[in-house]
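In: got a sequence here, can you build the structure:
(one chain, ligands or ions: 1)
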Amino acid sequence: MSKQFDVIVIGAGPGGYIAAIRAAQLGFNVACIDEWKNENGGPAPGGTCTNVGCIPSKALLQSSEHFEHARLHFADHGISTGEVAMDVQKMIARKDAIVKQNNDGILYLFKKNKVTFFHGRGSFVKAADGGYEIRVAGKEEQTLTAKQIVIATGSNARALPGVPFDEVNVLSNDGALRVGATPKKLGLIGAGVIGLEMGSVWRRLGAEVTVLEGMDKFLAAVDEQIAKEAKKAFDKQGLKIEMGVKIGEVQVSDQGVNVNYTDAKGEAQTLSVDKLIVSIGRTANTIGLNAEAVGLALDERGAIVVDDDCKTNLPGVWAVGDVVRGPMLAHKAEEEGVAVAERIAGQHGHVNFATVPWVIYTSPEIAWVGRTEQQLKADGVKYKAGTFPFLANGRARALGDTTGMVKFLADAETDEILGVHMVGPVVSELISEAVVAMEFKASSEDIARICHAHPSLSEATKEAALAVDKRTLNF
Ligand code: FAD
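Out: The predicted structure is shown next:
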């Protein structure tokens with residue numbers, strides 16, 4: 001006998017669990033299926049984000065930042081310590097405890113919202129009436145049916161061709177978050193968000209880190225001026241980043257990993273490291289869904305094809321998050337999850353892709369929303385730019401972290417904000433003001449006229465808005 005629901009969600013990452021909760025809030029009887037197992041084989045909802053992504057990476061970034069502050073900056077404040085040492089195992093255990101708190105939190109939220117959780121793999125099965133059912137393969141086999149199905153099965157790390165992840169020497173994001181001791185030499189392939197964050201953690205803990213990147217331009221998606229400023233800071237920290245390389249053969253042995261590559265000058269090189277993290281992108285995950293049996297359309301990259309409303313080609317089947325087009329970001333997945341639940345309820349759920357913020361949690365942090373200067377030029381848009389350095393911000397000086405700047409881009413005629421770009425301390429938080437401003441179609445003058453607390457880093461945002469009209473007050 002199959003169990004009937006109004007809505008079935010497959011996947012309990014940020015896209016899936018949020019869709020399930022929102023659908024339940026809207027009065028539906030909801031099932032959510034997720035196969036992730038914790039170390040005891042029990043459920044670990046939260047997906048990539050909670051288990052091996054956003055949350056554990058930020059936990060390690062925080063620990064490693066404390067370590068670096070204690071080692072390099074405490075003395076400036078008059079604090080003396082003995083020798084500062086890092087217990088990597090303890091750091092990892094703390095990270096694991098934070099992950100577990102989040103797993104448990106989601107199970108609690110399911111209970112609170114009366115979402116029925118199934119632990120196991122969900123896959124489509126053709127039903128006798130020509131429709132489909134969802135089979136859950138867990139401790140026991142169960143069959144579920146619903147008129148509305150939301151697929152939120154996320155993504156997996158892409159491996160280098162012929163070099164599978166062994167999670168001992170060649171690490172994906174999963175293994176990179178579980179390294180038991182600081183490697184002496186760490187190699188990273190891919191200078192994207194995940195690569196830079198992971199590289200930062202292990203560099204701060206004392207590893208000699210080399211990042212190899214195929215593109216010629218550093219952080220090509222980031223505003224050039226901001227990317228340059230960030231690169232300067234990373235160089236100063238000793239993070240070695242080689243651009244424009246071509247990866248050749250990778251040899252893995254008990255002793256470590258040799259990466260043969262051609263450098264930007266066309267010369268053959270070998271990088272020998274103890275561990276190699278490969279972060280060259282992620283692929284949509286439809287493994288085990290049995291998508292082909294029911295004719296679910298995938299694009300050439302394996303992502304589920306959806307329209308602007310996240311509808312797939314199958315009636316009553318929706319897909320959200322990393323498994324569909326668009327940025328692979330947890331908050332994008334969440335917004336799509338909410339919007340789909342509301343559309344199922346006949347409401348007008350919406351996601352504004354133009355105001356999705358991006359953050360790279362390195363030190364300095366990098367954050368942006370809207371278009372970059374190079375995109376505006378390519379689009380032929382006339383714009384005005386204003387920048388303000390953290391060097392001239394009192395709070396940044398008190399913090400002892402004056403790297404970076406805030407940059408505003410506004411329409412030359414209407415002054416509407418078109419993009420805000422930041423590199424510096426805690427800009428992951430500062431970017432929210434810019435997102436709200438752009439969502440409300442604010443002008444740079446609007447931000448310039450808003451009273452900002454003193455002393456605060458947010459004054460750099462106000463000053464950058466003033467800079468658009470060349471009337472900064474503190475620089
Ligand atoms: P996922 O989180 O991948 O969840 C999918 C879930 O579906 C998983 O639990 C999986 O087990 C389950 N599943 C798959 N197939 C089935 C099936 N057939 N049956 C049952 N269950 C199934 N994003 C940010 O916004 N900010 C960050 O700081 C950030 N940091 C990151 C750091 C790292 C190291 C990585 C790897 C990613 C990071 N991301 C970050 C990206 C973010 O993790 C993803 O965008 C987000 O998790 C996508 O959510 P999702 O719900 O689409 O999929």
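In: only C-alpha atoms from now on, for both contacts and neighbour counts.
Out: OK.
In: Ala367 - how many residues pack around it?
Out: Ala367 has 26 neighbouring residues, counting by other Cα atoms under 10 Å.
In: give me the number of residues near the closest residue to it other than its chain neighbours?
Out: In this structure, Ala367 finds its nearest non-sequential neighbour in Val359, 4.3 Å apart by Cα to Cα, 6 or more residues apart in numbering. The tally of other residues near Val359 (other Cα under 10 Å) stands at 18.
In: ditto for Asp87
Out: Per other Cα under 10 Å, the neighbour tally for Asp87 reads 11.
In: where does the nearest residue to Ile280 once chain neighbours are set aside land on pLDDT?
Out: Distances taken as Cα to Cα, 6+ apart put Gly190 closest to Ile280, at 5.1 Å, once the chain neighbours are dropped. Gly190 is assigned a predicted lDDT (pLDDT) of 96.
In: can you pull the contacts of Gly190?
Out: Val211, Leu212, Glu213, Gly214, Val278, Ser279, Ile280 (Cα atoms under 8 Å, 6 or more residues apart in numbering).
In: angles on the backbone of the fifth one, please.
Out: Note on Val278: its backbone torsions stand at phi -110, psi 120 [degrees, to the nearest 10].
In: hang on, isn't it packed against Asp174?
Out: No - judged on Cα atoms under 8 Å, Val278 makes no contact with Asp174 at a distance of 10.6 Å.
In: pick out whichever of the two has more residues nearby.
Out: Set side by side, Val278 and Asp174 show more neighbours around Val278, with 27 against 19, by other Cα under 10 Å.
In: find the residue closest to that one in space, skipping its chain neighbours.
Out: Setting aside the residues directly before and after it, Val278 is nearest to Ile189 in space (Cα to Cα, 6+ apart), at 4.9 Å.
In: for that neighbour, give me phi and psi.
Out: Dihedral angles of Ile189 (phi, psi; degrees, to the nearest 10) stand at phi -110, psi 120.
In: do Arg94 as well
Out: Dihedral angles (degrees, to the nearest 10) for Arg94: phi -60, psi -40.
In: burial count for it?
Out: Neighbourhood size, Arg94 [other Cα under 10 Å]: 16.
In: ok, and the closest non-adjacent residue to it?
Out: Once flanking residues are discounted, Arg94 sits nearest to Ala59: 7.9 Å by Cα to Cα, 6+ apart.
In: what of Val369?
Out: Closest to Val369 by Cα to Cα, 6+ apart is Pro357, at 4.7 Å.
In: confidence score at that neighbour?
Out: The model reports Pro357 with a pLDDT of 98.
In: looking at this protein, which helix or strand is least sure?
Out: Counting by mean pLDDT, DSSP states H and E, the weakest-scoring helix or strand in the chain turns out to be helix 291-294, with a mean of 89.
In: which element follows the helix or strand where Ile134 lies toward the C-terminus?
Out: Take DSSP states H and E as the rule and Ile134 turns out to sit in strand 132-138. Note on strand 132-138: by DSSP H and E, the next helix or strand toward the C-terminus is strand 141-151.
In: which secondary structure elements does that following strand contact?
Out: Using 3 or more Cα pairs under 8 Å, 6 or more residues apart in numbering; DSSP states H and E as the contact test, the elements touching strand 141-151 are strand 3-10, helix 14-25, strand 132-138, strand 317-319.
In: with distance to the ligand and mean neighbour count added, can I get these in JSON lines?
Out: Output for the helices and strands packed on strand 141-151, formatted as JSON lines (distance: least, Cα to the nearest ligand atom, whole Å; neighbours: other Cα atoms under 10 Å):
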{"stretch": "strand 3-10", "distance to the ligand": "5", "mean neighbour count": "22"}
{"stretch": "helix 14-25", "distance to the ligand": "4", "mean neighbour count": "28"}
{"stretch": "strand 132-138", "distance to the ligand": "7", "mean neighbour count": "20"}
{"stretch": "strand 317-319", "distance to the ligand": "9", "mean neighbour count": "25"}
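In: number of nearby residues for the residue of the stretch 151-300 of the chain found nearest the ligand?
Out: Across the stretch 151-300 of the chain, no residue is closer to the ligand than Gly154, which sits at 3.1 Å (Cα to the nearest ligand atom). Gly154 has 30 neighbours, counted by other Cα under 10 Å.
In: repeat for the one 4 residues further on
Out: If you count neighbours by other Cα under 10 Å, Arg158 ends up with 16.
In: tell me the contacts of Asp401?
Out: Contacts of Asp401 by Cα under 8 Å, 6+ apart are Phe390, Gly424, Pro425.
In: how about a cut-off of 10 Å?
Out: Asp401 makes contact with Ser363, Pro364, Phe390, Leu391, Asn393, Arg395, Gly424, Pro425, Val426, according to Cα atoms under 10 Å, 6 or more residues apart in numbering.
In: quick check: the residue nearest to Ala367 touching Val427?
Out: Yes - between Val359 and Val427 there is a contact at 8.2 Å, judged by Cα atoms under 10 Å.
In: which neighbours do the two share?
Out: Glu365, Ile366, Ala367, Trp368.
In: mind telling me the two of these farthest from one another?
Out: By the measure Cα to Cα, Glu365 and Trp368 form the most distant pair in those, at 10.3 Å.
In: between the two, tell me which one has more neighbours.
Out: Neighbours were counted for Glu365 and for Trp368 using other Cα under 10 Å; Trp368 has more, 29 against 20.
In: which non-adjacent residue is nearest that one?
Out: Per Cα to Cα, 6+ apart, closest to Trp368 is His421, 4.4 Å.
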